[in-house]
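Asker: Here is my input; please provide its structure:
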Amino acid sequence: MADSRQDRFDNILFSLAQEHSGGALDLLDTFFSFFARKTDFFVGGEEGEARKILLEKFDRWSRESYKIKEKEVKERADAEKRRTERIAAKKKEEDERIKKMAQEEPTITEITDEEAMQIEEQKNKPKDEVKNGVVSDKDANDEQDDPSKLKPNSGNGCDLPNYSWTQTLEEIELKVPIRIGIKLKARDIVVNFKKRFLQVGAKGHPLVIDGELCNEIKVEDCFWVIQDSVNIVITLTKVNKMDWWKNLVITDPEINTTKINPDSSKLSDLDGETRSMVEKMMYDQRQKEMGLPTSDDQKKQNALKMFMEQHPEMDFSKCKFT
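Answerer: Next up is the predicted model:
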């Protein structure tokens, strides 16, 4: 692994590499030309000694390069294993939560005369404002057609000038092109994860991303890889898996989350039980955004309505239901 003495030349070498359009071979020509013209590297020792030294250095750093590559592959495999285990644990936890909620019964709390009047007024509002739990078309369209927000891309994220991202309820996938004139290696990259902060870029260059994230991430379950030698592909694991992100970092333009297409979130890849759970989460989020009751709220309301119908002798006019 490169020590601190070698690391301190990285910025100089990056700058030099950018001046060589032919890549590593072009850069090597420059080095050997310098040795031949300005030093006695080739002729200062016995014949063949320079070649021997070069091969020793090549073998040393070739072995080191394979070690780095093996470490990266292992880290990616470990991260994928943790992600799979986390999804399974989350599914089990959510199944238990839904089962528990289904067993809960609504509670009844006594309210004041004034609160009873407000409830009665709410019940008497014109039915065309809210019908069958759905707001009027005009209000819904106003919410969905906000001109200040961008339409999500095909992956329910956003395509920006310097990077693009997509999302599922579980995670964010971020793609950041890094074009600095050389093929990217892991040692060239800067990626720093914090609970609600992200930095991405190349060493010796201005960061492409350096800001506060829209929501919190699980740092220990986030990872990145280099794709096609020019792109950094980053997977961010969400802490809250019941919300869609409206942007990546808070300074980015917002997307309209009501326009998100659940089909592109790989719902078809899920088993029936998990898919039902995810669809329920998405439905509840949209209901909340429009100020309407969630599926759990509706279930409680229906149970309460049935209870009231079964007990007509009871007076519920001064009761507050929660």
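Asker: how about the strands in the protein?
Answerer: 108-110, 130-131, 134-135, 158-159, 164-167, 171-177, 189-194, 197-202, 209-212, 223-227, 231-237, 319-321 (DSSP state E).
Asker: For this structure, which segments count as helices?
Answerer: 4-7, 10-18, 24-38, 49-103, 113-123, 137-144, 272-289, 295-310 (DSSP state H).
Asker: Make TSV out of those helices and add mean neighbour count and mean pLDDT.
Answerer: Any C-beta I mention is one placed from the backbone N, CA and C, and that applies to glycine too. Listed next are these as TSV, based on neighbours: other CB atoms under 10 Å; pLDDT from 0 to 100:
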stretch	mean neighbour count	mean pLDDT
helix 4-7	9	64
helix 10-18	14	80
helix 24-38	11	89
helix 49-103	12	84
helix 113-123	11	64
helix 137-144	12	50
helix 272-289	16	71
helix 295-310	13	80
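Asker: TSV for those, including distance to K259?
Answerer: TSV is the format used below for these (distance: least, CB to CB, whole Å):
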stretch	distance to K259
helix 4-7	46
helix 10-18	41
helix 24-38	45
helix 49-103	25
helix 113-123	30
helix 137-144	7
helix 272-289	11
helix 295-310	21
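Asker: Please name whichever of those is nearest to W244.
Answerer: helix 272-289 (6.9 Å; CB to CB).
Asker: and the closest one, how far out from the chain's middle?
Answerer: 19 Å (CA atoms, centre = their mean, to the nearest Å).
Asker: helices or strands next to that helix in the packing?
Answerer: On a contact count with 3 or more CB pairs under 8 Å, 6 or more residues apart in numbering; DSSP states H and E, helix 272-289 meets helix 49-103, helix 295-310.
Asker: looking at the ones you listed, which is closest to K149?
Answerer: helix 295-310 (25.4 Å).
Asker: List the residues that contact I172.
Answerer: When contacts are counted by CB atoms under 8 Å, 6 or more residues apart in numbering, I172 is found next to 157, 165-166, 217, 234-236, 238, 245, 248.
Asker: now K218
Answerer: Neighbouring residues of K218 by CB under 8 Å, 6+ apart: 86, 237-239.
Asker: For the buried ones among those, write the corresponding ChimeraX selection.
Answerer: The buried residues among the contacts of K218 can be selected in ChimeraX (16 or more other CB atoms under 10 Å) with this line:
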select :86,237,238
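Asker: Mind putting the contacts of K218 into a markdown table with distance to K194?
Answerer: Output for the contacts of K218, formatted as a markdown table (distance: CB to CB, whole Å):
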| residue | distance to K194 |
| --- | --- |
| R86 | 19 |
| T237 | 13 |
| K238 | 15 |
| V239 | 13 |
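Asker: nearest to E171, of the helices and strands packed on helix 272-289?
Answerer: Closest among the helices and strands packed on helix 272-289, using CB to CB: helix 49-103, at 7.7 Å.
Asker: Packing partners of the closest one?
Answerer: Using 3+ CB pairs under 8 Å, 6+ apart, helix 49-103 is in contact with strand 223-227, strand 231-237, helix 272-289, helix 295-310.
Asker: okay if I get the ones you listed as TSV plus distance to L184?
Answerer: Putting those into TSV (distance: least, CB to CB, whole Å) gives the following:
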stretch	distance to L184
strand 223-227	5
strand 231-237	7
helix 272-289	35
helix 295-310	46
